[in-house]
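>>> prediction below, plus the sequence it came from.
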Amino acid sequence: MPLVFVTLMPGIELDLFIAWSDHRGRLALRALIMGNYDVAVRFFLPVLVPTVVYAAVALRWAVDQFQREDVLFP
């Protein structure tokens, strides 16, 4: 929850380092809402790629967990 408040601070701007961090999506969304479309477009891939990679890793982990019989039937 505290990371949400970090994105609301006035001095925090979206740059390449923050685009790869945890609160990247919230800052990109804030840039879109505020009408900073050039900033949002410039950091579209650095925001999208880690999110897709993290989702793929989590999905693969979930599939591996549910294929194990000891997880389904303890």
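Received it, and whenever you're ready, just let me know what you need.
>>> contacts and neighbour counts: CA atoms only from here.
Fine.
>>> which element follows the one helix or strand in the chain whose mean pLDDT sits lowest toward the C-terminus?
Every helix and strand of the chain was ranked by mean pLDDT, DSSP states H and E. The lowest is helix 16-19, at a mean of 60. Per DSSP states H and E, helix 16-19 leads on to helix 24-33 as the next helix or strand towards the C-terminus.
>>> buried stuff in that next one?
24-28, 30-31 (16 or more other Cα atoms under 10 Å).
>>> between those, which is nearest E69?
Taking Cα to Cα as the measure, E69 sits nearest to G25 out of these, at 36.0 Å.
>>> chain neighbours aside, what residue packs nearest to that closest one?
V47 (6.4 Å; Cα to Cα, 6 or more residues apart in numbering).
>>> so that neighbour touches L29, yeah?
No. Counting by Cα atoms under 8 Å, V47 does not reach L29; the two are 10.4 Å apart.
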